[in-house]
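Asks: Using only what follows, build the 3D model:
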Amino acid sequence: MITMKTEKQKMLSGEYFDPLDPELCADRSRARRVTQALNASGDEDVEVRARLLAELLPRAVGRVWIEPPFHCDYGNNIETGERVFFNFDCVVLDVGLVRIGARVMFGPGVHIYTVVHPLDATERAAGLEQGRPVTIGEDVWVGGASVICPGVSIGRRSVIGAGSVVTRDVPAGVFAAGNPCRVIRALELDVDNRYGAADGERSDEQ
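Replies: I've put the predicted structure just below:
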């Protein structure tokens, strides 16, 4: 007997799926409810925030700090290591799996997208979507207002300059910036200039 995949199973396996499926709508409604409560919480609500984060991000490992407001599609598809930090106004569209290593820092207004729509207008009108995973290695710093596109991987210890649009993979241990984002220089030997690179500083290299 052949068992048909649910729309959620299709989504998680990277196939085209119907986002209006009732199960997926319910999952998104849950995420909206939890993020609304999280965004309304104050700094003094430590225990409340911890409970809400555990509910929103069940795959998080260790401490995750989020400065409200924060928005995501599901939350269930965000996997983090320890001591991950999201600054204000971050958005994670986690249709596909988002893997975030330990000690990763996101500046304000960083957006992570995993959802893909068909390029053909006729196919797109059918309303189907596809998820492509995003992977961010340990000790990465993503500068404010950057956009990380579907299917991208960023290697450990790399820095993404503010305002970058990351459309392709970034190797480990580099400073990359721009639209589209490109490698500017290696960081492993750049000991004297390891601070401020993600703040959008201008240089001849950029």
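
Asks: C-alpha from now on. contacts and neighbour counts both.
Replies: OK.

Asks: Show me which residues of the helix or strand containing Leu52 are buried.
Replies: Secondary structure assignment for Leu52, by DSSP states H and E: helix 46-56. Buried residues in helix 46-56, defined by neighbour count with 16 or more other Cα atoms under 10 Å: Arg49, Leu52, Leu53, Ala54, Glu55, Leu56.

Asks: I'd like to know the beta-bridge partner residues of the nearest residue to Val95 once chain neighbours are set aside.
Replies: Spatial nearest neighbour of Val95, chain neighbours left out: Gly131 (5.2 Å); criterion: Cα to Cα, 6 or more residues apart in numbering. Beta bridges link Gly131 to Val115 when assigned by DSSP bridges.

Asks: Just give me the closest of the buried residues of helix 46-56 to Phe85.
Replies: Leu53 (12.5 Å; Cα to Cα).

Asks: mind checking how far that closest one is from Asp139?
Replies: 21 Å (Cα to Cα, to the nearest Å).

Asks: by how many degrees do the longest helix belonging to the chain and helix 46-56 diverge?
Replies: Among the segments of the chain that qualify as a helix by DSSP state H, the longest is helix 22-40. For helix 22-40 against helix 46-56, the angle by axes from the mean of the first three to the mean of the last three Cα atoms, to 10 degrees is 160 degrees.

Asks: what mean pLDDT would you report for helix 22-40?
Replies: The average of the pLDDT scores along helix 22-40 is 97.

Asks: now swap in stretch 86-105 and tell me
Replies: 98.

Asks: So which residue is dead centre in this structure?
Replies: Ile112 (3.6 Å; Cα atoms, centre = their mean).

Asks: one step back: now the buried residues of helix 46-56 in CSV, with pLDDT?
Replies: Shown next, in CSV, are these (pLDDT from 0 to 100):
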residue, pLDDT
Arg49, 91
Leu52, 95
Leu53, 95
Ala54, 95
Glu55, 96
Leu56, 97
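
Asks: quick revisit: who are the packing partners of the longest helix of the chain?
Replies: helix 7-12, helix 46-56, strand 70-72 (3 or more Cα pairs under 8 Å, 6 or more residues apart in numbering; DSSP states H and E).

Asks: ok, residues contacting the shortest one?
Replies: Outside of strand 70-72, the residues within contact range by Cα atoms under 8 Å, 6 or more residues apart in numbering are Ala31, Arg32, Thr35, Asn39, Phe88, Asp89, Cys90, Val91, Val92, Leu93, Asp94.

Asks: Please produce a ChimeraX select command covering the buried subset of those residues.
Replies: Buried members of the contacts of strand 70-72, identified by 16+ other Cα under 10 Å, are gathered into one ChimeraX selection as follows:
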select :31,32,35,88,89,90,91,92,93,94
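
Asks: now the contacts of strand 70-72 in TSV, with distance to Asn179?
Replies: Formatted as TSV, these follow (distance: Cα to Cα, whole Å):
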residue	distance to Asn179
Ala31	31
Arg32	31
Thr35	30
Asn39	30
Phe88	22
Asp89	20
Cys90	19
Val91	19
Val92	19
Leu93	20
Asp94	22
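
Asks: before we move on, back to that, relative to Arg185, how far out is the residue nearest to the centre of the chain?
Replies: With distances taken as Cα to Cα, Ile112 is found 23 Å from Arg185.

Asks: repeat for Gly178
Replies: For Gly178, the distance to Arg185 equals 13 Å [Cα to Cα].
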